[in-house]
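In: Dropping the sequence and predicted coords here.
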Amino acid sequence: MDTKPPNDMLPYRLITGKDDAHFCRRISEALALGYKLYGSPSCTFNGTDVIVAQAVVWPSVVETSG
């Protein structure tokens, strides 16, 4: 596993958006790149849509920050 994420991406990302297929695709893409889920997902309702958030981290960040 690479010690740094690809394409100059940051090692910590908080992915947010409407709870739909597009959001799920973004999370799936991050996992396919090698990111790991970090913590529990969060959700809220903005009066129209459910808005969700999920943190992902690059594995070497979790391994070295223990």
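Out: Thanks, I have it. Values in this document were obtained by computation on a predicted structure and should not be read as measured data.

In: per-residue pLDDT, the residue lying farthest from the centre of the chain?
Out: No residue in the chain sits farther from the centre than Gly47, which is 24.0 Å out by CA atoms, centre = their mean. With respect to pLDDT, Gly47 has a value of 98.

In: middle-most residue in the chain, spatially?
Out: Val56 (3.4 Å).

In: Kindly format the C-alpha coordinates of the longest strand seen in the chain as PDB.
Out: Longest strand of the chain, by residue count under DSSP state E: strand 36-45. Extracted in PDB, the C-alpha atoms of strand 36-45 (Å, rounded to 0.1, in the frame of the first residue of the first chain):
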ATOM      1  CA  LYS A  36     -10.700   3.300   4.800                       C
ATOM      2  CA  LEU A  37     -13.800   4.400   6.600                       C
ATOM      3  CA  TYR A  38     -13.100   6.400   9.700                       C
ATOM      4  CA  GLY A  39     -15.800   6.700  12.400                       C
ATOM      5  CA  SER A  40     -19.500   6.400  12.000                       C
ATOM      6  CA  PRO A  41     -21.500   8.100   9.300                       C
ATOM      7  CA  SER A  42     -23.600  11.100  10.200                       C
ATOM      8  CA  CYS A  43     -26.800  12.300   8.800                       C
ATOM      9  CA  THR A  44     -29.200  15.200   9.100                       C
ATOM     10  CA  PHE A  45     -32.300  16.500   7.400                       C
END
